[in-house]
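A.B. asks: sharing a model that was predicted from the sequence below.
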Amino acid sequence: VQFVESGGGMVQPGGSLRLSCTASGFTFSAYDMSWVRQAPGKGPEWVSGINTRDGTTFYADSVKGRFTISRDNAENTLYLQMDSLKPEDTALYYCARNALPVDFCSVTPCFETDLGQGTQVIVSS
């Protein structure tokens with residue numbers, strides 16, 4: 001299982017970024033997938049997930065209405081469109097394969113911990 005994330009950078013508050021994650025080593029279309037972030041000194045935080053059955057999306061309350069997750073199963077790629085970014089969104093962002101259905105992610109740890117190198121997002125003026 002391998003993930004290669006890209007698209008991070010430094011933006012001002014209110015700005016936008018689009019993250020991409022290319023997956024390999026498994027049947028991408030068969031798994032629910034998530035974006036996870038980790039801020040300095042904190043543990044991993046689930047951000048958003050998308051199921052494989054019908055593409056239903058789920059979001060943490062902290063990003064709801066600002067972030068949009070999507071997937072392209074033909075390209076084995078997961079995306080995260082991040083708008084109206086805030087300084088508290090600063091973190092290392094990872095894509096992750098789900099160990100549980102994405103429906104559970106808001107109430108229990110749901111993602112596998114075999115993460116890639118991540119992509120850094122810094123929101124600062």
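C.D. replies: Cool, the structure landed. Bear in mind the structure is a predicted one, so any value in this text is a computation, not a measurement.

A.B. asks: all contacts plus neighbour counts: C-alpha atoms, from now on.
C.D. replies: OK.

A.B. asks: can you map out the strands along this protein?
C.D. replies: Remark: strands assigned in the chain by DSSP state E are 2-6, 9-11, 17-24, 33-38, 45-50, 57-59, 67-72, 77-82, 91-97, 119-123.

A.B. asks: my guess is Pro44 meets Ala91, correct?
C.D. replies: No: between Pro44 and Ala91 there is no contact under CA atoms under 8 Å: 9.7 Å.

A.B. asks: joint contacts of these two?
C.D. replies: The contact sets of Pro44 and Ala91 overlap at 37-38 (CA atoms under 8 Å, 6 or more residues apart in numbering).

A.B. asks: who has more neighbours, the two?
C.D. replies: Neighbour tally, Pro44 and Ala91, criterion other CA atoms under 10 Å: the higher count belongs to Ala91, 22 against 17.

A.B. asks: I figured the more buried one hits Gly118, correct?
C.D. replies: No: look at Ala91 against Gly118 with CA under 8 Å: they stay out of range, at 9.6 Å.
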